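In: Quick one, structure for this:
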Amino acid sequence: MAADPWTALYIAILAAFVGYEVISRVPVLLHTPLMSGSNFIHGIVLVGAIVALGLATTPLEEAIGLVAVIMGALNVTGGYMVTVRILAMFDRARSKGGPK
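Out: You can find the predicted model right below:
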């Protein structure tokens, strides 16, 4: 039984608002572990997208799979870049003028 398109849209919008509220209330000290955990999950999603693309049989499935792989790869890369920047803020050697 497929969901009504309006129901699917409502669920997507509700998930976006709930996700924003949850993430905005995370304390600053937990951002790095949260990003690390989300990068792990996004890596698994990327592997799933690659598997789904490999099993695609129609051009539409291949196009959707390709978009999923590209978006997953961008998500993992962006999460990694954010994590590196957050960790650089806590680098004591660099902030005290020590060796880089």
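
In: Which parts of the chain are helices?
Out: Taking DSSP state H, the helices of the chain run over residues 5-24, 31-55, 59-89, 92-95.

In: Tabulate those helices (CSV), appending mean pLDDT and mean neighbour count.
Out: Where you see a C-beta, it was placed from the backbone N, CA and C, and this is true even at glycine. Formatted as CSV, the helices of the chain follow (pLDDT from 0 to 100; neighbours: other C-beta atoms under 10 Å):
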stretch, mean pLDDT, mean neighbour count
helix 5-24, 87, 10
helix 31-55, 82, 14
helix 59-89, 87, 14
helix 92-95, 66, 10
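
In: residue contacts, residue 45?
Out: Residue 45 makes contact with 72, 75, according to C-beta atoms under 8 Å, 6 or more residues apart in numbering.

In: contacting residues for the spatially closest residue to residue 43 that is not a sequence neighbour?
Out: Spatial nearest neighbour of residue 43, excluding adjacent residues (C-beta to C-beta, 6 or more residues apart in numbering): residue 76 at 5.7 Å. Each residue near residue 76 by C-beta under 8 Å, 6+ apart is listed here: 39, 42-43, 46.

In: Residue 73 now?
Out: By C-beta under 8 Å, 6+ apart, the contact set of residue 73 is residue 46.

In: hang on, the earlier thing: which pair in the contacts of residue 76 spans the largest distance?
Out: The distance between the two most remote of the contacts of residue 76 (C-beta to C-beta) is 10.2 Å, for 39 and 46.

In: export the contacts of residue 76 to JSON lines and tack on distance to residue 11?
Out: What follows is the contacts of residue 76, written out as JSON lines (distance: C-beta to C-beta, whole Å):
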{"residue": "39", "distance to residue 11": "25"}
{"residue": "42", "distance to residue 11": "21"}
{"residue": "43", "distance to residue 11": "25"}
{"residue": "46", "distance to residue 11": "23"}
